[in-house]
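Trainee: could you work out the structure for the sequence below:
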Amino acid sequence: MPPLTPANNTPAGVSPSYQQPYQQQAGQSMQQPAYGAQPQVAYTPRANANHNVFRIYYLVYYLAGVLDILLAFRFFFLLIGASTASGFVSLIYTLTNGVAAPFEGIVPTVNSTNGTAV
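Mentor: Below you'll find the predicted structure:
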């Protein structure tokens, strides 16, 4: 290995620009961007289409999350036997009837002797 020069710790005979490509060389001027400046980005129709696809994706994801929460409320209210006379319980049942309707008759409802559903 060639000896290192003490000034820049590069092997003798090797230019500093090869070893340290990010340092400014003598006699060159570098313009620094203004503080907080954002890089210029060209928006193409394809980039805009990708942005719209992600918007739709996140909208569907958000709506699925809201539906999950409503179904969780419905399950909890059915589990504790909440009264449908309550406005909030009635609203949750009304909003989730369309989604829960295909699953209504899977498990039969058994009535006890005092008239409550089990």
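Trainee: in stretch 55-70, what's buried?
Mentor: L70 (16 or more other CB atoms under 10 Å). Bear in mind the C-beta positions are built from the backbone N, C-alpha and C, glycine included.
Trainee: sorry, slip of the keys, the one I care about is stretch 81-98.
Mentor: Within stretch 81-98, the residues that count as buried by 16+ other CB under 10 Å are 82, 89, 92-93, 95-96.
Trainee: what does that stretch contact?
Mentor: 67, 70-71, 73-74, 77, 116 (CB atoms under 8 Å, 6 or more residues apart in numbering).
Trainee: need the max-distance pair from those residues.
Mentor: Distance extremes for these: the farthest pair is L67 and T116 at 29.2 Å, using CB to CB.
Trainee: would you check which pair of the buried residues of stretch 81-98 lies furthest apart?
Mentor: A82 and L95 (14.6 Å).
Trainee: quick one, helices of this structure?
Mentor: Using DSSP state H, the helices of the chain run over residues 16-19, 45-80, 87-100.
Trainee: end to end on stretch 78-85, go ahead and measure it.
Mentor: For stretch 78-85, the first-to-last residue distance is 13 Å (CA to CA, to the nearest Å).
Trainee: likewise stretch 76-85?
Mentor: End-to-end for stretch 76-85, by CA to CA: 16 Å.
Trainee: one step back: so can I have a markdown table of the buried residues of stretch 81-98 showing distance to N52 and pLDDT?
Mentor: Converted to a markdown table, these look like this (distance: CB to CB, whole Å; pLDDT from 0 to 100):
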| residue | distance to N52 | pLDDT |
| --- | --- | --- |
| A82 | 41 | 91 |
| V89 | 38 | 95 |
| I92 | 33 | 96 |
| Y93 | 35 | 95 |
| L95 | 28 | 95 |
| T96 | 30 | 95 |
